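In: sequence and computational prediction follow.
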Amino acid sequence: MLNAVDLGDDLTVAKITGSPGIHRVPITNSDLVSGHLKKEPSYVDCSSIFTVEKRLVVKTVGRLTDEAISRVKQKLRCILGV
């Protein structure tokens, strides 16, 4: 989840992939508070951000540390020019 404010029934999320890319932030298992990556390193794809209804989320498979989330948000700010 990327949103810093409550979006009601929605969450803002990003895709995780095993392939590096220009708009992707590398993460390893040490970047997780909970969960486990199937492949290390993996990458948060900051060019693939979308909103999903909370009720459609079946389970949470992991959670990034605050420091890793900060790296993702910094990449998003660069992409969006803010």
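Out: Sure, I can see it. Residues are numbered from 1 along each chain as shown.

In: tell me the pLDDT at residue 8?
Out: The model reports residue 8 with a pLDDT of 82.

In: repeat that for the one 4 residues further on.
Out: At residue 12, the predicted lDDT confidence score is 86.

In: how about it, secondary structure?
Out: strand (DSSP: H, G, I helix; E, B strand; the rest coil).

In: how about the strand ranked longest in the chain: buried residues?
Out: For the chain, the strand with the greatest residue count under DSSP state E is strand 42-53. Under the neighbour-count criterion of 16 or more other CB atoms under 10 Å, strand 42-53 has 42-46, 49 buried. All C-beta atoms are positioned from the backbone trio N, CA, C, and that covers glycine.

In: which residue ranges form the strands in the protein?
Out: 10-17, 24-27, 32-35, 42-53, 62-64.

In: okay if I get these as CSV plus distance to residue 73?
Out: What follows is these, written out as CSV (distance: least, CB to CB, whole Å):
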stretch, distance to residue 73
strand 10-17, 10
strand 24-27, 10
strand 32-35, 16
strand 42-53, 9
strand 62-64, 11
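
In: how distant is stretch 13-32 from the center of its chain?
Out: 7 Å (CA atoms, centre = their mean, to the nearest Å).

In: please apply the same query to stretch 19-35.
Out: 8 Å.

In: kindly provide the whole-number mean pLDDT of it.
Out: 96.

In: what are the contacting residues of that stretch?
Out: With CB atoms under 8 Å, 6 or more residues apart in numbering as the contact definition, stretch 19-35 has outside contacts at 16-17, 36-37, 40-47, 60-65, 67-68, 71-72, 75, 79.
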